[in-house]
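K.L.:
Give me a model of this one.
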Amino acid sequence: MRGREGSSTAKLKRKIWEWRGVLFTAPTVTGLIIILRLTGLLQSLEWAALDQFFRRRPAETIDSRIVIVGINESDLKTIGKWPISDEILAKLLLKIKAQQPRVIALDLYRDLPVEPGHQELVKVFESTPNLIGIEKFVGNERGLAISPSPVLSRLGRVAANDVVLDSDGKIRRGVLFMTPENQNPITSLGLSMAMIYLQAEGITPQSAQNGFLRLGKTVFVPFEASDGSYVGADAGGYQILLNFRGRGGNFPTVSMMDILENRISRDLMRDGASAPLRDRIVLIGPTAASLNDFFYTPYSGGLSDAVQRMTGVEIHAHLTSQILSSAIEGRDPIKTWPDPLEYGWIFLWSCVGAVLSWQLQSWRWTAGSALVAISGLLGGSFLAFLNSWWIPVIPPILTFSGSAVAILAYIAQIERQDRKTVMNLFGRHVNPQIAEAIWRDRDQFLNDGRLKGQRLTATVVFTDLKNFSTVAENLDPEVLMSWLNEYMEAMSQLVLANSGVVDKFIGDAVMAVFGVPIPSTTEDAIANDAKAAVRCALQMGATLELLNELWKTQGRPTVAMRVGIATGTVVTGSLGSSQRLDYTTIGDSVNVAARLESYDKSLDGGLCRILINEETYQYIHGSFPTKLIGSVQLKGREQLTPIYQVLLE
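P.N.:
Residues are numbered from 1 along each chain as shown. Sure, this is the predicted structure:
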């Protein structure tokens, strides 16, 4: 039982170590992006993404409960002055009042008389209980607030028409209440219109359990300073996120002169009644471009809407419409996740990017998969928005991309380290084909910068020069090294040409191995390794003969060589310290090959004596001429070892 637990723990540790890059990268990138987000640097990008969702969302149907009476450029030309006189405004209100609307809202400042007709306007104000006036409670950039009409203020029928601008100048939030210190809350124009309308529907303001405002089917959760992508926003008063019905034309609109001259269309309203404005909210306000009562909204900007702005009167209508739809129909307000859930969402996409890159380990495949993943993120976020959820988009894209790029860079670094390791371990000791195969299957060979130990069947070759000590004594050191390097270069090239690995040089000796590091797993493959080793030894003899002829002409010494070849089980891997690693082969077959090379130096073999063990003989029998030397006891071995000599052709 303990053994199984230990094995499971070891596997878990290996898995954690293997995935350490992902386990480090995903939370690190997430933390960096969240910190970046908390500084507010991502706010404008996230607002831009929200604006795109608004623009691409299908427009809702026209809300015929609200009628806008706009004062347009044509009206101004007809009247010939601004602001319009109290006389004209009184006539307009009487015309509208006669049609028995449920609410009349005047989005015009009337803190001072505009003669002529002021007394007539006062009488209209006093005789119209469903009329609401406005004040600007919060000062503008010049620090100026605007007082309400004294008459309407005395009657308690005044609302605030203040709007909240984000730092990019756009309106994305609506105000329900202003909450000045040591004063009663001041209801906004949008909420005031809605509450009067809803009262006739039997819906009155209620307090939810958490103290939030409840109207009909909806609890209006107040906006917080960090909701959505906002960072340190001014959440004063009681605000909500505006859920616009569309980019414009969402409410029936008539001009002031249409009302005054009785030109209002009867089919403008949904019931076609004789009084088109009956039971509606009528909102009066300026729409003329010269009056500059326009604001940027999420629909401003983009390729086709670069200068599109929305009138202030229409913005108030959108807020009222949103409240009515939520209270009567249960239309969801725009909701956001709490911070922990948003952070978890951002972290999730960081993990997706890291895992995806780690699994694919390819820039091309990762880029293609990233395109699909980010498209899915955008599509899913847009579907959530269609269901009134505003969830983070930009931070997940950044964490996904950041983690993916970081992991790919990490993989590239590992590959550089692995390539360096492979090249340091093998260098010039393998041919290009083997080197490519090792690199292609490096995951099978490398473990934490070292070659994994392997037990496999291979053929080991040891070569040595006869009487080298005597030659070395009679040569100048510089000449000796040049002569020996020429010999070593020729022998190592033959090893590589026959798909062998030059394991090491020991003085004048060469150790080569055939069948490593890529293991031969079939008998035929092992036989091919043995044949390659013998063929290489024969070629060494032929090459040495040519070298001797060259050296003889140069006045340098000529030599003969001995070769020992043994096939059997070996262990391969990297040995050494972190500063220096060598790829090597160890095992009994290595010892046997070395003993065969040095066996009975009096045994003649011509220019290149080649002795092989029984296992090698079994694999090459019939391919090369051989003869049995006998069963002998090699140095360091207790059992007799049959040895054979490969005859030179």
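K.L.:
where exactly do the helices run in the stretch 201-350 of the chain?
P.N.:
For the stretch 201-350 of the chain, helices defined by DSSP state H, counting those that start in this stretch occupy the ranges 256-260, 312-324, 339-360.
K.L.:
Buried deepest among the ones you listed, which one?
P.N.:
Of the helices of the stretch 201-350 of the chain, the one with the most neighbours on average (mean count of other CB atoms under 10 Å) is helix 312-324, at a mean of 25. Backbone N, C-alpha and C define where each C-beta goes, glycine included.
K.L.:
from what I can see A194 touches S325, true?
P.N.:
No. Using CB atoms under 8 Å, A194 makes no contact with S325, being 9.8 Å away.
K.L.:
Can you pull out the low-pLDDT segments for the stretch 201-350 of the chain?
P.N.:
Scanning the stretch 201-350 of the chain for pLDDT under 70 picks out the ranges 265-275, 302-307.
K.L.:
Any regions of this structure where pLDDT drops low?
P.N.:
In the predicted model, the chain carries pLDDT under 70 at residues 1-7, 140-143, 265-275, 302-307, 419, 421-451, 576-581, 649.
K.L.:
What are the structural domain limits within it?
P.N.:
As assigned by automatic domain parsing, the chain contains the domains 2-39+337-418, 49-336, 430-646.
K.L.:
What is the burial count for R278?
P.N.:
Look at R278: counted by other CB atoms under 10 Å, it has 13 neighbours.
K.L.:
That one touches P101, doesn't it?
P.N.:
Yes. At 6.7 Å, R278 counts as touching P101 under the criterion of CB under 8 Å.
K.L.:
rewinding a little: got the helices of the stretch 201-350 of the chain as TSV, with distance to I146 columns?
P.N.:
Output for the helices of the stretch 201-350 of the chain, formatted as TSV (distance: least, CB to CB, whole Å):
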stretch	distance to I146
helix 256-260	21
helix 312-324	13
helix 339-360	38
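K.L.:
Nearest to K635 among those helices would be which one?
P.N.:
helix 339-360 (52.0 Å; CB to CB).
K.L.:
what about that closest one, distance to the chain center?
P.N.:
7 Å (CA atoms, centre = their mean, to the nearest Å).
K.L.:
Contacts for that helix next, please.
P.N.:
Applying CB atoms under 8 Å, 6 or more residues apart in numbering, the contact partners of helix 339-360 are 19, 21-22, 25-27, 29-30, 33-34, 226, 336-337, 366, 369-370, 373, 377, 391-392, 395-397, 399-408, 411.
K.L.:
Likewise for stretch 530-542?
P.N.:
By CB under 8 Å, 6+ apart, the list of residues contacting stretch 530-542 from outside reads 459-461, 463, 491, 494-495, 497-500, 512, 514, 561, 563, 565, 567, 606-608, 610, 612, 615-616, 619-620, 623-624, 646, 648-649.
K.L.:
And stretch 248-265, by the same measure?
P.N.:
Outside stretch 248-265, the residues touching it (CB under 8 Å, 6+ apart) are 59-60, 62-64, 66-72, 74-75, 78, 84, 88, 91-92, 95-96, 244, 268-269, 276-277, 284, 287, 299, 308, 310, 314, 317-318, 321.
K.L.:
try it again with 6 Å
P.N.:
Here stretch 248-265 makes contact (CB atoms under 6 Å, 6 or more residues apart in numbering) with 62-64, 66-72, 75, 78, 92, 95, 268, 276, 317.
K.L.:
Test my guess that G228 contacts W337.
P.N.:
No. In this structure, G228 is not within contact of W337 by CB atoms under 6 Å, at 8.5 Å.
K.L.:
and these two? which has more neighbours close in?
P.N.:
In terms of neighbours (other CB under 10 Å), G228 is the more surrounded of G228 and W337; the figures are 22 against 17.
K.L.:
show me what contacts the more buried one?
P.N.:
Counting by CB under 6 Å, 6+ apart, G228 touches 336, 390.
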